[in-house]
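> sequence and computational prediction follow.
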Amino acid sequence: MIETPSLVDQYCHGVLRTELGLGTFEAQLARTEGPPAPGTTLFDTQTGFAVRRWCPPLLGLEPHCPPARYLARRRELGVLEAGRRLLRGSGITAYLVDTGLPGDLTGPTELGLAGDAEAHEIVRLEQLAEQVADTSGTVDSFLANLAESVHAAAAHAVAFTSVDGVRHGPALAPEPPGPGEVRGAAGRWLAARRVGDGPSDPVLLRHLLWIAVASGRPLQLHAGLAAPGTRVDPVPLTDFVRATAGLGTDLVLLHGYPYHRHAAHLAGVFPHVYADCGAALTRTGARAATVLAEVLELAPFGKILFSSGARGLPELHVVGAHLFREALARVLGAWVTEGAWSPDDAQRVAGLIASGNAGRVYGLA
Amino acid sequence: MIETPSLVDQYCHGVLRTELGLGTFEAQLARTEGPPAPGTTLFDTQTGFAVRRWCPPLLGLEPHCPPARYLARRRELGVLEAGRRLLRGSGITAYLVDTGLPGDLTGPTELGLAGDAEAHEIVRLEQLAEQVADTSGTVDSFLANLAESVHAAAAHAVAFTSVDGVRHGPALAPEPPGPGEVRGAAGRWLAARRVGDGPSDPVLLRHLLWIAVASGRPLQLHAGLAAPGTRVDPVPLTDFVRATAGLGTDLVLLHGYPYHRHAAHLAGVFPHVYADCGAALTRTGARAATVLAEVLELAPFGKILFSSGARGLPELHVVGAHLFREALARVLGAWVTEGAWSPDDAQRVAGLIASGNAGRVYGLA
Amino acid sequence: MIETPSLVDQYCHGVLRTELGLGTFEAQLARTEGPPAPGTTLFDTQTGFAVRRWCPPLLGLEPHCPPARYLARRRELGVLEAGRRLLRGSGITAYLVDTGLPGDLTGPTELGLAGDAEAHEIVRLEQLAEQVADTSGTVDSFLANLAESVHAAAAHAVAFTSVDGVRHGPALAPEPPGPGEVRGAAGRWLAARRVGDGPSDPVLLRHLLWIAVASGRPLQLHAGLAAPGTRVDPVPLTDFVRATAGLGTDLVLLHGYPYHRHAAHLAGVFPHVYADCGAALTRTGARAATVLAEVLELAPFGKILFSSGARGLPELHVVGAHLFREALARVLGAWVTEGAWSPDDAQRVAGLIASGNAGRVYGLA
């Protein structure tokens, strides 16, 4: 039996502080453009079914109970108490929290307290740039403050992350943009932006990535189909990846699905590249074992990291953790049974993926 | 045990009316460019093996009997009687039939009578344009007649379909082409075309898609590797998909394989997008359960539709239906056994995919 | 029980003649850009685990023994004796050897003697061009000598192979480049190259492919993610593939993974296209059965070929062969158990993939 007593969730968000009704809860189960189609519900998804499987027992209900019954119990306990029970039932021992989302979400400290776990901050580059833009009067001061902010963030955050930086992947030049280019792009953005507008200029996004690379902190890049209608096949990132090799900064490819085999390939080829194997499980539910096994095809076992990718609902942290642990035990257990792996190797690799690799990459205690 | 008493084949063609020999039968088993390689036969494919598994018993023979024996029995019964036995043995209760292929194929009414099932027409936009072009003297009359024909077809057909419209996917502009553009493209096509030439101009194809969208009928788009040497990854269709959201017209992504995970993603993100999970099973035979399970990763269960994709041979309707039902029972049954899904949920989802979703999307009785 | 007494390795390289230490052995387990990341080892990969599973027993050790113990035993036996035991334990009865790699690797004759098996040469087009360039004084003599060398090689080699020719896939024009273009490209390359520089000009590479096509020998094209950071999705090769149809030359798509389903599709559509199903198994280890099954979805069973893709270490020939045989027996055996395939069909198809198809395609005795 494979065991994973420590579990580092290397990429997640905080949870909502407000009480949720059936509709507002449902809307957090998937990222869509628009409401569910008439006659359908987002509870009828792998994520919805996984929530109904794993979460009701943590609140004292039977697995698979109807959504309305679950929501009633959740409100009965209150969002705080329900959140505590759920997070503490997840088995996650450390949360790395991307704080760059808008909305009333708990921060790392609050999440850690609720879940009785360690917690650390991941700084989102786009949000950092917005904050700096809000308080900088000129292009020069913006660029100077940006460099300073990244430097300061590197001192307390465990990692940086970028969602938009890689959307221009195929065009991503393999070197930092020149100072003139950056000044021009920054000037255009500052002149045109309204509060709340993130940077979208490819040159500016590229500049952000490179100052993060220079910080030495691991840089998490969103790949795959995570964002609605966005596709980031990680293979076209190869030139950027190659250009950042040997600089001492690790790159972590998040999510990946349905390009997770491609992400695993890059983790196999480049010493400084790591592959996430968790966020996709939260989405694929009963198929988690297969998706995990696909990551385990090409990625070296020392290069794979777990995450829940959860946002908004503590139920998603629970589901991510339970699906991962069950999938890992099933996949590695089957390989042991078949004689393909030794029991000792399987247990050792499980520990690496659950927490050992993350501890090493992020310098956790 | 999962049961699916109703089964709507949401995309298929009619069957050939002529007696077939070993070679002419074999040629219908796959879509190839050229005859089988020397020393090989198209019976040695997943489709060929699935036909030999499921069809001989419906004609009174043992499963897996040699092709020559099967063909002899088929001729002994005659193409009509063999077709009736096969179609009635498929378990399909409603056929939606794309009538836009050339060749001596049965139409919806004849197919429905042979199979003792409901049958409805799907109108292929390219063929409609050809028919209108054959009988229109000027660009103006062509365009007016085309609009009229689509409008008229929408009154009796259950859906429109387009094969060529999405081949230009990555370049597919997210709005209808302007009237001047359309007139220019139509003029060039009408001047150059010979009878039998379909529209191939991207502007004209785009115009066709948009007048179909305006009709309100579901629009089926061919994705994946269905056509020889053609690749339609549905992700680049995102801009078109987003532009058609909220107009009241559903888009159905047919086939999908090997991009079925990508198609399922789009069905998850956009309320008006649906994913086919059947035609690929007819091609992948013994692997049907895995391919179906891959669609079930990201697609909401209310957004998945069955089809056989069959053309020419009633054996392909049989194979599509049997592979689907067996795969569905196996995949959902395993999830129930593992405790991931409840038995009630599994039975309910099976009914949605087999017929419930199609009934709702196409407005079937 | 599925049996495969003959096994043709249709694509591999020779083995190193030097004694290896732990580090030099490890470096042969994967193709990476740079050394393993700190705290990780390439033994912690599917290939590393598969080597530790299958190879120690062939040298008298227990499966899964630690790498250091295995290497000590290997050195104790000596590289020659260890190589003989490993190769003879692989069950491979014929090796087709790409001799175009630099380094002190055994050639086909030596590999065949060590492994007590047939062996044949595959000529790598890029290396042939380099050799001709080294000894040709002018563009005219280079081009004439090149044509002559390909012609001469076709008389003794079983196939040609090209690694770089398909990297420019999407731009690969579907006809040979014109004589003027070729002269220009050859002139530029000859003027600029230093000894050891391979041809990288797309026109020159395209010329190489087409003179190989004209030779009538099977042409093996590297597809998939085999080379670090290189991506060759075979679908964009469709125009080239279509242009070479009917010329009497077969194309073999090597490796394929993670585009092996796409390669299988091309093998299904075009009579002269074949799909490799082996090299990817050496990389994916415990996942070999699934990867093999994915190739078996669309590729006709007469169009699938085994290879180990091994280079440098006889352990990789062993692993390729054992993983393949076990995966084939498991996948086909399960289909027989489920009733999807008949036992006779499964045994027949196993023989085709293991050796029958290769014998026919390469004209082996």
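Arrived safely, thanks for sending.
> what about A:D134, neighbour count?
11 (other Cβ atoms under 10 Å in any protein chain shown). Yep, even glycine has a C-beta here, placed from its N, CA and C like the rest.
> ok, it - contacts?
A:V195 (Cβ atoms under 8 Å, 6 or more residues apart in numbering or on different chains).
> got the buried residues for the helix or strand bottoming out on mean pLDDT in chain A?
Across the helices and strands of chain A, the lowest-confidence element by mean pLDDT, DSSP states H and E is helix A:238-243, at a mean of 90. For helix A:238-243, burial by neighbour count (16 or more other Cβ atoms under 10 Å in any protein chain shown) applies to A:T238, A:F240, A:V241, A:R242, A:A243.
> from those, pick the one nearest chain B.
A:T238 (19.3 Å; Cβ to the nearest Cβ).
> correct me, but the closest one touches A:H262?
No - the criterion here is Cβ atoms under 8 Å, and A:T238 misses it with A:H262 at 9.9 Å.
> one step back: could you export the least confident helix or strand of chain A as CSV, CA atoms only?
Taking C-alpha atoms only, helix A:238-243 is exported to CSV below (Å, rounded to 0.1, in the frame of the first residue of the first chain):
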residue,chain,number,x,y,z
THR,A,238,11.1,25.2,-26.3
ASP,A,239,13.1,28.1,-27.4
PHE,A,240,12.3,30.1,-24.3
VAL,A,241,13.0,27.1,-22.1
ARG,A,242,16.3,26.5,-23.8
ALA,A,243,17.3,30.1,-23.4
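> that helix close to chain C?
Yes - judged by Cβ under 8 Å from any Cβ of the partner chain, helix A:238-243 and chain C are in contact via A:T238, A:V241, A:R242.
> tabulate those in CSV, adding columns for distance to B:V79.
Conversion of those to CSV gives the following (distance: Cβ to Cβ, whole Å):
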residue, distance to B:V79
A:T238, 55
A:V241, 59
A:R242, 61
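> which of the residues you listed sits closest to B:D197?
Using Cβ to Cβ, A:T238 comes nearest to B:D197 of these, at 42.3 Å.
> now the element after the longest helix seen in chain A, going C-ward?
Ranked by residue count under DSSP state H, the longest helix found in chain A is helix A:314-337. With elements assigned by DSSP states H and E, the helix or strand that comes after helix A:314-337 is helix A:343-351.
> elements contacting that next one?
helix A:314-337 (3 or more Cβ pairs under 8 Å, 6 or more residues apart in numbering or on different chains; DSSP states H and E).
> so what does the helix it packs on touch, helix or strand wise?
Helix A:314-337 packs on strand A:8-12, helix A:46-54, helix A:79-89, helix A:108-115, helix A:279-284, helix A:288-298, helix A:343-351, going by 3+ Cβ pairs under 8 Å, 6+ apart.
> can you add distance to A:L251, mean pLDDT and mean neighbour count and give those back as JSON lines?
Formatted as JSON lines, the helices and strands packed on helix A:314-337 follow (distance: least, Cβ to Cβ, whole Å; pLDDT from 0 to 100; neighbours: other Cβ atoms under 10 Å in any protein chain shown):
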{"stretch": "strand A:8-12", "distance to A:L251": "13", "mean pLDDT": "98", "mean neighbour count": "29"}
{"stretch": "helix A:46-54", "distance to A:L251": "27", "mean pLDDT": "98", "mean neighbour count": "25"}
{"stretch": "helix A:79-89", "distance to A:L251": "29", "mean pLDDT": "98", "mean neighbour count": "19"}
{"stretch": "helix A:108-115", "distance to A:L251": "22", "mean pLDDT": "98", "mean neighbour count": "20"}
{"stretch": "helix A:279-284", "distance to A:L251": "16", "mean pLDDT": "96", "mean neighbour count": "30"}
{"stretch": "helix A:288-298", "distance to A:L251": "16", "mean pLDDT": "98", "mean neighbour count": "24"}
{"stretch": "helix A:343-351", "distance to A:L251": "22", "mean pLDDT": "98", "mean neighbour count": "18"}
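> and of the ones you listed, who's closest to C:S141?
Across the helices and strands packed on helix A:314-337, C:S141 has its closest neighbour in helix A:288-298 (44.4 Å, Cβ to Cβ).
> hang on, A:R217 in a helix?
No - under DSSP: H, G, I helix; E, B strand; the rest coil, A:R217 falls outside any helix and is assigned coil.
> picking up where we left off before, reformat the residues of helix A:238-243 next to chain C as CSV; add distance to chain B.
Output for these, formatted as CSV (distance: Cβ to the nearest Cβ, whole Å):
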residue, distance to chain B
A:T238, 19
A:V241, 22
A:R242, 25
